[in-house]
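In: sequence first, then the predicted structure:
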Amino acid sequence: MEALLSAFWALVAPVNLAILIGGTAAGILVGAMPGLGSVLAITLALPLTFVMSPEPSIALLLGLYAGSVYGGSLSAILINTPGTPQAAATVFDGYPMMQQGKGDLALGWATIASVTGGLISTVVLILAAPLLARIGLRFGPIEYFALGLFALTCVVSVSRGDLLKGILACLLGLLVATIGQDPLTGDVRLHFSSFNLMAGIALVPFLVGLFALSEVFWRVAENAAPAARPVAHTGFRFPRLADVAGRWRVFAKSALIGTWIGTLPGVGATASSMVSYAEARRSSPNRDNFGKGEPDGIIASESANNAVTGGALVPTLSLGIPGDPITAVMLGALIIQGITPGPRLFVENADLMIFIFAALFIVNLALLGLGAVMGPIFARAIRAPEPVLLSLILVLLAIGTFSVNYTGFDLLVMLVAGLAGFGMRLLRFPLAPVVIGFVLGPMIEQSLRQGLVLSRGNFLNFFQQPIALSLFIASALFLGWSVWRHLREARIAKHKEGPA
Amino acid sequence: MQKDLESLVGGGAVLGISALLFTQVLPGQFSGVELARNPMTFPRFLLLLFAMGGAALALRGLFCGAQDRSEVPRVAWGRVFAILVLASCYFGAFAPVGFIPATLLFLPLSILVLGYRKPTVIAAVTLVAVVGLWYAFAEIFSIRPPGIGMEELLRMWGGAG
């Protein structure tokens, strides 16, 4: 009861509410700009969380997360270009509706679907996270090592493209995390005799460089001539209540698909919206209208991608295992605040957990108002000239990263990470495994070595713990399936090339 | 035999990074310490896997065709190089020169280099961004950006007037 009251008072504090709403609005704005996306929104805001206490910083990150996922639908509907990859499936029916002069209604459907998806996934989060945390309380170092390994295997297995490159990206993240102090003994290692490196690579400059700065370089590299984007003006109209009620099955099914996929490490919102769209197309009574401006298509995509927000927070909060780069950054932000996500969080910081749950509810309700009132206004931001936008982002990255530790070394780390990220994009290495490896690295190393100490150096003892063993088997199956799929795809491609 | 340049370069880069990191985990350090308590155990194990993966990628690039057959994006190298040089100078000058002068120089130059040519918009964006960001960080977040502050600047302006 005390925790509930404490969370309530934190939530109704004007500053926290303002940050929550402001974060959601900023998230919609960034999400609406094609190519910027949720990771950039979160990494840009990450340095600001340093000067805030835990509640407002969590409010800001949650607002940005949900807002940016929703914001992607605006540009998908208005200019046939998804603002974020998560909104890719929204284009299929959103833009045809826009062409039919029903852009206002398409925005209304997208908003209602996003809000419903977000709210349903929040309910699942509230129910599932404490249960999972209770199981997590039984975990020792060996189980945590197996769980960390399982998360890495999932992320690597489902990373787009080349499996070997995914594994190498993950190893790179783990290696970068080993620079500096050993988490067990405190000895310094891999420091190249640099005083700055002895403290290790800080999370903010590394992530900001890897994702945000490399994104700027990538967009500069891709667009030889910046083209103006024609944006048709449109208003906003909510669908009739009877129409919404008539499609409740699509709403519920898509939200549950999104929540479920969100809990799986590495799969993410893009896959969830595609799976949900495919399922709606298969089962909808209006399936013949899909691709021609069918609201069910928008509902399936938007409800699922926003439902991922709550789903992805289930393993992040209850076990401390992030499922995607966005939750990895959020996990890092929480750790910086002195809060360690994991099973004990529910016992030690119950008020904070209630705050997070309630904040997610408010964020999703705020989407309803912000989408309706400001959606069409935000959509105009899409027309901002890209050179101005990219230059402003560079300035924001510099001031944000510098202000964390007030040192020029962080700017150097950001630049090097940015170049590395750009090189990786160019050579088609996935970036998500790097950040998951970097964030999970210390936990995996610590639990591995503690497990080795407990088992007196005998690694075979790791396989005698039932939970750990099942996680090792799951990891092996996942990796084996990925290798099999990879080889099969290569064989099919070779076979297709053969006759030619 | 068709070579896969992407994998070859990627594998080479991984091997290069491995060689660089190997200098830091040379055998002999913490040699008497048992495996579980040795700070080098984990990095060495990772490095071994990393180098093996890099070698496999490079070999695959040499002897197998391209794995990913999707179109390679065209890169505007001139623009990338220009923005990289500008950004490096800006990041380098940020602390010693200060946020306001460095940004007043960097922002318009960067916008111009990226191909936008409306002077009034560039000037307005620069002024609003510099003043707005300085105010937001110094006054709202209580993090004073490095170098000369807005109030000193205004005082100097007033003094000169």
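Out: Right, received. Where do you want to start? Residues are numbered from 1 along each chain as shown, chains lettered A, B, ... in the order given.
In: tell me which helix or strand residue 124 sits in.
Out: Since no chain was named, I'll use chain A. Element membership for residue A:124 (DSSP states H and E) is helix A:103-136.
In: sorry, I should have been clearer: chain B.
Out: Assessed by DSSP H and E, residue B:124 sits inside helix B:119-135.
In: now residue A:193
Out: If you go by DSSP H and E, residue A:193 is not part of any helix or strand.
In: residue A:343: what secondary structure?
Out: Going by DSSP: H, G, I helix; E, B strand; the rest coil, the secondary structure assigned to residue A:343 is coil.
In: need the phi and psi values for it.
Out: The phi/psi pair for residue A:343 (degrees, to the nearest 10) reads phi -60, psi -30.
In: now the strands for the chain?
Out: Here I'm looking at chain A. Along chain A, the segments classed as strands by DSSP state E run A:180-181, A:188-189.
In: does anything pack onto the first one? Which helices or strands?
Out: Here strand A:180-181 touches strand A:188-189, helix A:195-198, going by 3 or more CB pairs under 8 Å, 6 or more residues apart in numbering or on different chains; DSSP states H and E. For every residue, glycine as well, the C-beta is placed using N, CA and C.
In: partners of the first one, with directions?
Out: Pointing back at strand A:188-189 there. Using DSSP bridges, the strands paired with strand A:188-189 are strand A:180-181 (antiparallel).
In: run the chain-centre distance for the partner strand.
Out: Offset of strand A:180-181 from its chain centre (CA atoms, centre = their mean, to the nearest Å): 28 Å.
In: what mean pLDDT does that strand have?
Out: In this model, strand A:180-181 carries a mean pLDDT of 91.
In: comparing the helices and strands packed on strand A:180-181, which comes out most buried?
Out: Burial of those is given as mean neighbour count (mean count of other CB atoms under 10 Å in any protein chain shown); strand A:188-189 ranks first at a mean of 18.
In: give me the contacts around that strand.
Out: A:178-182, A:198, B:24-25, B:39-40, B:43 (CB atoms under 8 Å, 6 or more residues apart in numbering or on different chains).
In: tell me which of those fall in helices.
Out: A:178, A:198, B:43 (DSSP state H).
In: closest one of the residues you listed to residue A:309?
Out: Closest to residue A:309 out of the ones in helices among the contacts of strand A:188-189 is residue A:178 (31.2 Å), distances taken as CB to CB.
In: for the closest one, the count of nearby residues, please.
Out: 27 (other CB atoms under 10 Å in any protein chain shown).
In: give the contact list for the closest residue to residue B:107 other than its chain neighbours.
Out: Using CB to CB, 6 or more residues apart in numbering or on different chains and skipping the chain neighbours, the partner closest in space to residue B:107 is residue B:126 (4.6 Å). By CB under 8 Å, 6+ apart, residue B:126 lies in contact with B:103-104, B:107-108, B:111.
In: against residue B:91, how distant is residue B:126?
Out: 18 Å (CB to CB, to the nearest Å).
In: pLDDT wise, what is residue 125 at?
Out: No chain specified, so I'll use chain A. At residue A:125 the predicted local confidence, pLDDT, stands at 89.
In: hmm, I had chain B in mind actually
Out: For residue B:125, the predicted pLDDT is 95.
In: just give the closest residue to it, not the sequence neighbours.
Out: Per CB to CB, 6+ apart, closest to residue B:125 is residue A:388, 5.5 Å.
In: how about residue A:410?
Out: The shortest distance from residue A:410 to any non-neighbouring residue, by CB to CB, 6+ apart, is to residue A:205 (4.2 Å).
In: what about that neighbour, how many neighbours?
Out: Residues lying near residue A:205 (other CB under 10 Å) number 29.
In: quick one: low-confidence ranges for chain B?
Out: By pLDDT under 70, the low-scoring segments of chain B are B:1-3, B:65-73, B:160-161.
In: what about 50?
Out: B:1 (pLDDT under 50).
In: chain B versus the residue positioned nearest the centre of chain A, what's the distance?
Out: For chain A, the residue nearest the mean C-alpha position is residue A:326 (3.0 Å; CA atoms, centre = their mean). Note on residue A:326: its distance to chain B, by CB to the nearest CB, to the nearest Å, is 23 Å.
In: list the contacts of that residue.
Out: By CB under 8 Å, 6+ apart, the neighbours of residue A:326 are A:38-39, A:42, A:65, A:312.
In: also residue A:419?
Out: Shown in contact with residue A:419 (CB under 8 Å, 6+ apart): A:209, A:214, A:217, B:84.
In: ok, of these, which one's closest to residue A:272?
Out: In terms of CB to CB, no member of the contacts of residue A:419 lies closer to residue A:272 than residue A:214, at 24.8 Å.
In: what about the closest one, distance to chain B?
Out: Per CB to the nearest CB, residue A:214 is found 11 Å from chain B.
In: contact partners for that residue?
Out: Going by CB under 8 Å, 6+ apart, residue A:214 touches A:417-422, A:424-425, A:431.
In: next one: it from residue A:329, what distance?
Out: Per CB to CB, residue A:214 is found 15 Å from residue A:329.
In: next: residue A:57.
Out: Residue A:57 is 12 Å from residue A:329, by CB to CB.
In: what's the answer for residue A:15, then?
Out: Using CB to CB, one obtains 23 Å as the distance from residue A:15 to residue A:329.
In: which one's more surrounded, the two?
Out: residue A:329 (27 against 13).
In: surely that one and residue A:44 touch.
Out: No: shown here, residue A:329 and residue A:44 do not form a contact pair, counting by CB atoms under 8 Å, at 10.5 Å.
In: circling back to that earlier point, what comes up buried for the helix holding residue B:124?
Out: Judged by neighbour count (16 or more other CB atoms under 10 Å in any protein chain shown), helix B:119-135 contains these buried residues: B:122, B:125-126, B:129-130, B:133-134.
In: if anything else comes up later, I'll come back, but that's it for now.
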